[in-house]
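K.L.:
sequence plus predicted model, see below.
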Amino acid sequence: MAKPYLLVIAVLLFSCKQKQNPTTSTKEKRPPNVVIIFTDDQGYADVGVFGAQGFKTPNLDQMAAKGVKFTHYYAAQAVCSASRAALLTGCYPNRIGIHNALGPDDTHGINDSETTLAEMLKAKGYRTAIYGKWHLGHHQKFLPTRHGFDEWFGIPYSNDMWPYHPQQGPIFNFPDLPLYENETVIDTLTEQSQLTTQITKRSVDFITRNKDNPFFLYVPHPQPHVPLFVSEKFKGKSEKGLYGDVIMELDWSVGQILGALKANGVEENTLVIFTSDNGPWLSYGNHAGSALPLREGKGTAWEGGQREPFIIQYPDSLPAGKVIDAPLMAIDLLPTIAEVTGASLPTISIDGKSAWSLWKGESNRSPQEAYFFYYRVNELFGVRYGKWKLYFPHRYRTMEGQEPGKDGQPGNYTYVHLEEIELYDLDKDPGESKNIAEAHPDIVQEIKLLANTMRSKLGDSLLELEGKEAREPGRINEAL
């Protein structure tokens, strides 16, 4: 007669054990949320843990302490649209026909045939949003809501592009900038001091609304691209004038987003990435950031143009306080996120490779044998190969020896013709000051062969070569 009672007790004990130590939960079954915070023209040294001076970035510093800091992360190109195209597609921008910075007069943009991060994750059941600057085409068929994003609030191109650059007139004296809500222009901006706050509030609200669903949040801030704007709450707060104030407000925005993740109970299961699209626009002097100790800035393939601050936080899976020196590029983010989330990679060819084992510390090697550096349409300027950086003869701009601009007005660049191949050891010489090509002819030859392989795929206008694998962008004369 005792057996039925023993059976009841066993069932109750098993039930209690299941409640106390569940093997799975709804939260654990969910793939991680993904948040990418992407600033505009922020230099390598414009974050506290990367050497910032004159302002503090406590939220980004804390993010690095809780996550992983990369010291050799590269934008795919040193200019706005091309850089964003690579981030969102996993492709060199040359592969998909997106070059330089698209403007209000351009009639092309991202092709429907390309798969964006948002489309990849949306197919996995994610809710998706972009709050900030798009810059991959401003005609209706190119808008983010046509390329995988459920929601958009922001501007279609850079904040100085409607339609004239401020250097053509007095400071900040330019026509209105369109502000979009999804596919509708809801306002025009004559000034932008509240835009960072608006973007931040939208981001926090999106997290709150989607805490029970997997989500992808892309926050491409228009700042600190000139013209600089900051809200009253940060005006005059830094020791570095308006530029420092702007960076402090961007850091505040990061803190608000991280705080929202924690408040909604999704911090542990969210992968957060912070980086910038390219280096500082040095001609703007006190309205530009710093890439020191790196050479040059935006618009060049030198380290200061494409090497960016990069921080990842993902408490469930990544170690805290880790620093990784292996090279990584924006093209690798999409395939890495695909592996982390279990999403399917695009069926069309991409250039990126998953760096998940590197992020986790299971490997100390870059996912790529080499990274290729382009600018001005399709010119292959250089190659990063292990610790080596090689440059082919090309023309580049510099502020060296020139008077920088001030208070929103730019200085004038001079142009230099690099006549011979140059090679640098970035481990010993991050500032690229000593050309050692003659001492390492074997390395030069190896890199030249790698470059020739890439030229056959994507082309090189410096040598008037067309790539066999280069694809066309979308154009507005195609069906809308």
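P.N.:
All right, it came through fine. Please read these numbers as outputs of a predicted model, since none were measured by experiment.
K.L.:
check which element follows the longest helix seen in the chain along the chain.
P.N.:
Counting residues, the longest helix found in the chain (DSSP state H) is helix 241-263. For helix 241-263, the following helix or strand on the C-terminal side (DSSP states H and E) is strand 270-276.
K.L.:
now the angle from the longest helix of the chain to strand 270-276?
P.N.:
Comparing the axes of helix 241-263 and strand 270-276 via axes from the mean of the first three to the mean of the last three Cα atoms, to 10 degrees yields an angle of 170 degrees.
K.L.:
packing partners of helix 241-263?
P.N.:
In terms of contacts (3 or more Cβ pairs under 8 Å, 6 or more residues apart in numbering; DSSP states H and E), helix 241-263 is packed against strand 33-39, helix 58-66, helix 195-209, strand 215-220, strand 270-276. Glycine gets a C-beta too; all of them are placed from N, C-alpha and C.
K.L.:
buried residues, the third one. List them.
P.N.:
Just to be clear, that refers to helix 195-209. 195-200, 202-204, 206-207 (16 or more other Cβ atoms under 10 Å).
K.L.:
now do that helix: which elements does it pack against?
P.N.:
If contacts are counted by 3+ Cβ pairs under 8 Å, 6+ apart, helix 195-209 sits against strand 127-133, strand 151-155, strand 215-220, helix 241-263.
K.L.:
any idea how far Gly154 lies from Arg202?
P.N.:
9 Å (Cβ to Cβ, to the nearest Å).
K.L.:
now for those two: what residues contact both?
P.N.:
The contact sets of Gly154 and Arg202 overlap at Tyr131 (Cβ atoms under 8 Å, 6 or more residues apart in numbering).
K.L.:
run through the residues that contact Ser203.
P.N.:
With the criterion set at Cβ under 8 Å, 6+ apart, Ser203 makes contact with 129, 131, 217, 219, 253, 256-257, 260.
K.L.:
just send the buried residues of helix 195-209 back as CSV, with distance to Ala370 too.
P.N.:
Formatted as CSV, these follow (distance: Cβ to Cβ, whole Å):
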residue, distance to Ala370
Leu195, 38
Thr196, 37
Thr197, 42
Gln198, 41
Ile199, 36
Thr200, 38
Arg202, 39
Ser203, 36
Val204, 40
Phe206, 38
Ile207, 38
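K.L.:
among those, which pair sits farthest apart?
P.N.:
Every pair in those was compared (Cβ to Cβ); the two farthest apart turn out to be Leu195 and Ile207, at 19.0 Å.
K.L.:
report the inter-axis angle for the longest helix of the chain versus helix 195-209.
P.N.:
Using the same axes, to 10 degrees: helix 241-263 against helix 195-209 is 10 degrees.
K.L.:
strands of the stretch 51-200 of the chain, start to end?
P.N.:
Counting by DSSP state E, counting those that start in this stretch, the stretch 51-200 of the chain has strands at residues 68-74, 108-109, 127-133, 151-155, 177-181, 184-189.
K.L.:
ok, and what's touching the third one?
P.N.:
Yep, that's strand 127-133 we're talking about. So strand 127-133 is contacted by 38, 40, 118, 121-122, 144, 148-159, 199, 202-203, 206, 210, 213-222 (Cβ under 8 Å, 6+ apart).
K.L.:
name only those of the residues you listed that count as buried.
P.N.:
Listed as buried from the contacts of strand 127-133 are 38, 40, 118, 121-122, 144, 148-159, 199, 202-203, 206, 210, 214-222; burial here means 16+ other Cβ under 10 Å.
K.L.:
pLDDT score for the nearest residue to Glu420 once chain neighbours are set aside?
P.N.:
Closest residue in space to Glu420, ignoring its immediate chain neighbours: Pro393 at 6.4 Å, by Cβ to Cβ, 6 or more residues apart in numbering. Predicted confidence (pLDDT) for Pro393: 95.
K.L.:
kindly report the same for the one 10 residues further on.
P.N.:
The predicted local distance difference test score for Glu403 is 93.
K.L.:
and it, how many neighbours does it have?
P.N.:
By other Cβ atoms under 10 Å, 10 other residues sit near Glu403.
K.L.:
quick one: low-confidence parts of the protein?
P.N.:
Residue ranges of the chain with pLDDT under 70: 1-29, 162-175, 478-480.
K.L.:
domain ranges for it?
P.N.:
The chain breaks down by automatic domain parsing into domains covering 30-369, 372-475.
K.L.:
which one of the ones you listed has the most crowded surroundings?
P.N.:
Comparing the domains of the chain by mean neighbour count (mean count of other Cβ atoms under 10 Å), domain 30-369 ranks first with a mean of 21.
K.L.:
just give me how far that domain sits from the chain centre.
P.N.:
Relative to its chain's centre, domain 30-369 lies at 4 Å (Cα atoms, centre = their mean, to the nearest Å).
K.L.:
could you do stretch 468-480 as well?
P.N.:
Distance, centroid of stretch 468-480 to centroid of chain: 24 Å (Cα atoms, centre = their mean).
K.L.:
also stretch 361-374?
P.N.:
Distance, stretch centre to chain centre, for stretch 361-374: 17 Å (Cα atoms, centre = their mean).
K.L.:
what's that stretch in contact with?
P.N.:
Stretch 361-374 is contacted from outside by 74, 76-77, 82, 92-94, 301, 306, 319, 322, 324, 326-329, 332, 352-355, 357-358, 380-385, 447, 450-451, 454, 458, using Cβ under 8 Å, 6+ apart.
K.L.:
could you dump stretch 77-90 to CSV, C-alpha only?
P.N.:
C-alpha atoms of stretch 77-90 as CSV (Å, rounded to 0.1, in the frame of the first residue of the first chain):
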residue,chain,number,x,y,z
GLN,A,77,36.6,51.8,-46.9
ALA,A,78,37.4,55.2,-45.4
VAL,A,79,34.2,56.8,-46.6
CYS,A,80,30.5,56.8,-45.6
SER,A,81,28.4,54.8,-48.1
ALA,A,82,31.0,52.3,-49.0
SER,A,83,31.7,51.6,-45.3
ARG,A,84,28.0,51.0,-44.5
ALA,A,85,27.5,48.8,-47.5
ALA,A,86,30.2,46.5,-46.3
LEU,A,87,28.9,46.4,-42.7
LEU,A,88,25.4,45.5,-43.8
THR,A,89,26.2,43.0,-46.6
GLY,A,90,29.5,41.3,-45.7
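K.L.:
contact partners for Ile350?
P.N.:
89-91, 95, 331, 334-335.
K.L.:
dump these to CSV, plus distance to Ala101.
P.N.:
Shown next, in CSV, are the contacts of Ile350 (distance: Cβ to Cβ, whole Å):
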residue, distance to Ala101
Thr89, 17
Gly90, 20
Cys91, 17
Arg95, 18
Ile331, 19
Leu334, 21
Pro335, 25
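K.L.:
next, give me the two most distant ones among these.
P.N.:
Across those, the longest distance by Cβ to Cβ is 14.2 Å; it joins Arg95 and Pro335.
K.L.:
so Arg202 sits right up against Phe153, yeah?
P.N.:
Yes - look at Arg202 against Phe153 with Cβ atoms under 8 Å: they come within range, at 5.1 Å.
K.L.:
quick revisit: for Lys233, which of the helices and strands packed on helix 241-263 is the nearest?
P.N.:
Among those, helix 195-209 sits nearest to Lys233 (Cβ to Cβ), with 8.1 Å.
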